[in-house]
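Trainee: task: produce atomic coordinates for the following.
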Amino acid sequence: MKKSKKRKLKRNIRNLLVLALFVVISSCIGWYLQRGDSLDNRSINISYQTVNTKKETYASMVMVGDALIHGTVYGTAHRYANYNGYDFKPMLEHIKERVKDYDLAYYNQETILGGTELGLSTYPLFNSPYEVGDAFIDAGFNLVSLATNHTIDKGEKGVLNSRNYWNQQADVLAAGSYSSFEERDKVVIKEVNGIKYAFLSYTTYTNGLIVPTGKEYLVNVYDEDLIKEEITRYRDQVDLLMVAMHWGTEYMTYPTNEQKEISEYLASLGVDLIIGTHPHVIEPIEYIDDTLVIYSLGNFISSQIGVERLTGLMLSLNIKKEEYHGKTTISFEDIEGTLIYTDRNNGYIVYPYDMLTDNILNNYETYYEKYKKVVTAYSDQVTVKSLEG
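Mentor: Model prediction:
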């Protein structure tokens, strides 16, 4: 009986030990599974937060208006080069310091760069030397509009010479005038700071000159169907879509009904930025929905007479790309204008207004106030740099 009781006691102890071990192991497994589930949930939450984190990217941009190269302008450049070629760089020396740090820098090449081999010429049928482009590139400009009312002043040969020049400038995007349909229709997309952009250019005028039939690529003449086709081709491939428009009425400081109608149409097609030239004077800036419209930057450099025509606008802004919830939006911040003036009496030097003195432009403070009101007439989101710099 004693041996039987001992065996029974041992068996009970062993069973208790097994049960205790099972409880311990079960508890460990439960804790591990619970911890693993918690880690999985935390991982999911982290992943969710990462997907929905707002990402912002920026690029800076500056714009100026018409490079209208009259005979007296290229004659002065010839003198700067000691009568051996043409040097326009001294004319841009003060602007170069303002432009060099921007990611994108735009200007309108009003007169065709057909080169000296075609014979240089002034108003009404212009032809300018390649050195004009050299000076602007040296100053940091990398976006050039070629569609103007003077694009075909020298016919097909002038356009081909111009296009050949610009095609050799690897870091410059020039649009609006081409050597073939294939070149015009090629989709060109650039990228800066992670922002993909495209740049198109059109003119509403050719000064009565007829573009040869079958060679419409020589200059982009504004047409609603053509521009819709081009914008549709680009819109879903880029973040930022810019269109340069050569339009409006010369010497008028406010936009025409046609300018407004074209702007509304381009805005409806999803254009982000419209850059206007041709009036040779400054016109206001405004938003149409989310589209920023610069109706006219005025002249950048010219030999036209009158303060209004020698005053232009250099506009700077920051391009903001925002990515959130899988959606990308473009907006503009810090939109600031700097008034500029071409001193036609002393070497065609272009000055920011904050560098002017009465010896360069008498009573310049009054002109500053006048043109500041023009720039900001339509929008309180635009400021003009003060004369204090």
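Trainee: residue 368: which element?
Mentor: Element membership for residue 368 (DSSP states H and E) is helix 364-375.
Trainee: average pLDDT for the very next helix or strand once past that helix?
Mentor: Next helix or strand after helix 364-375 toward the C-terminus (DSSP H and E): strand 383-384. For strand 383-384, mean pLDDT rounds to 98.
Trainee: list the helices and strands strand 383-384 packs on?
Mentor: strand 327-343, helix 364-375 (3 or more C-beta pairs under 8 Å, 6 or more residues apart in numbering; DSSP states H and E). Yep, even glycine has a C-beta here, placed from its N, CA and C like the rest.
Trainee: same list (these) but as a markdown table, adding mean neighbour count.
Mentor: What follows is the helices and strands packed on strand 383-384, written out as a markdown table (neighbours: other C-beta atoms under 10 Å):
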| stretch | mean neighbour count |
| --- | --- |
| strand 327-343 | 18 |
| helix 364-375 | 18 |
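Trainee: reformat those as JSON lines; add distance to residue 123.
Mentor: Conversion of the helices and strands packed on strand 383-384 to JSON lines gives the following (distance: least, C-beta to C-beta, whole Å):
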{"stretch": "strand 327-343", "distance to residue 123": "16"}
{"stretch": "helix 364-375", "distance to residue 123": "24"}
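Trainee: just send the ones you listed back as CSV, with mean pLDDT too.
Mentor: Output for the helices and strands packed on strand 383-384, formatted as CSV (pLDDT from 0 to 100):
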stretch, mean pLDDT
strand 327-343, 97
helix 364-375, 98
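Trainee: residue 179: which of the ones you listed is closest?
Mentor: Minimum separation from residue 179 across the helices and strands packed on strand 383-384 (C-beta to C-beta) falls at strand 327-343, 31.1 Å.
Trainee: where does this protein dip in pLDDT?
Mentor: 1-52, 389 (pLDDT under 70).
Trainee: need the helices for it, in chain order.
Mentor: In the chain, helices defined by DSSP state H lie at 2-51, 71-80, 93-99, 131-138, 155-167, 181-185, 224-235, 257-268, 307-310, 364-375, listed in chain order.
Trainee: who's in contact with the shortest one?
Mentor: Taking C-beta atoms under 8 Å, 6 or more residues apart in numbering as the criterion, the residues outside helix 307-310 that touch it are 251, 253, 280-281, 298-299, 302, 304, 341-344, 361, 367.
Trainee: for ChimeraX, what selects the buried ones among those residues?
Mentor: Restricted to buried positions by 16 or more other C-beta atoms under 10 Å, the ChimeraX selection for these reads:
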select :253,280,281,298,299,302,304,341,342,343,344,361,367
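Trainee: looking at the contacts of helix 307-310, spot the one nearest residue 319.
Mentor: Closest approach between the contacts of helix 307-310 and residue 319, by C-beta to C-beta: residue 298, at 22.4 Å.
Trainee: name whatever forms a beta bridge with that closest one.
Mentor: Here residue 298 sits in beta bridges with residue 312, as judged by DSSP bridges.
Trainee: these two touch, right, it and residue 284?
Mentor: No - Residue 298 is beyond contact range of residue 284, at 11.6 Å (criterion: C-beta atoms under 8 Å).
Trainee: ok so, going back, the helix holding residue 368 packs against which elements?
Mentor: Partner elements for helix 364-375 (3+ C-beta pairs under 8 Å, 6+ apart): strand 311-324, strand 327-343, strand 383-384.
Trainee: then the second one to PDB, C-alphas only?
Mentor: As requested, the backbone C-alpha atoms of strand 327-343 are provided in PDB (Å, rounded to 0.1, in the frame of the first residue of the first chain):
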ATOM      1  CA  LYS A 327      -2.200  64.200 -55.800                       C
ATOM      2  CA  THR A 328       0.300  66.800 -57.100                       C
ATOM      3  CA  THR A 329      -0.400  70.600 -57.200                       C
ATOM      4  CA  ILE A 330       1.600  73.600 -58.400                       C
ATOM      5  CA  SER A 331       1.400  77.000 -56.800                       C
ATOM      6  CA  PHE A 332       3.400  80.200 -56.800                       C
ATOM      7  CA  GLU A 333       4.800  82.100 -53.800                       C
ATOM      8  CA  ASP A 334       6.700  85.300 -53.200                       C
ATOM      9  CA  ILE A 335       5.700  87.000 -56.400                       C
ATOM     10  CA  GLU A 336       7.800  90.100 -56.600                       C
ATOM     11  CA  GLY A 337       8.400  92.600 -59.400                       C
ATOM     12  CA  THR A 338      11.500  94.700 -59.900                       C
ATOM     13  CA  LEU A 339      11.200  97.600 -62.200                       C
ATOM     14  CA  ILE A 340      14.000  98.000 -64.700                       C
ATOM     15  CA  TYR A 341      15.200 100.800 -67.000                       C
ATOM     16  CA  THR A 342      17.300 100.900 -70.200                       C
ATOM     17  CA  ASP A 343      19.600 103.900 -70.200                       C
END
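Trainee: contacting residues around residue 340?
Mentor: 64, 95, 300, 311-314, 350-353.
Trainee: how about a cut-off of 10 Å?
Mentor: Counting by C-beta atoms under 10 Å, 6 or more residues apart in numbering, residue 340 touches 64-65, 94-95, 98, 297-301, 310-314, 350-356.
Trainee: next: residue 368.
Mentor: 311, 339, 341, 353-354, 356, 361, 384-387.
Trainee: out of the residues you listed, which is nearest to residue 180?
Mentor: Using C-beta to C-beta, the contacts of residue 368 come closest to residue 180 at residue 311, 38.5 Å.
Trainee: ok, the closest one to residue 338 distance?
Mentor: 11 Å (C-beta to C-beta, to the nearest Å).
Trainee: now list whatever residues contact both of the two.
Mentor: residue 353.
Trainee: shouldn't residue 171 be in contact with residue 142?
Mentor: Yes - proximity of residue 171 to residue 142 meets the contact threshold set by C-beta atoms under 10 Å, at 5.7 Å.
Trainee: more neighbours: those two, which one.
Mentor: Neighbour comparison, residue 171 and residue 142: the larger count goes to residue 142, with 20 against 7 (by other C-beta atoms under 10 Å).
Trainee: many thanks, we can stop here.
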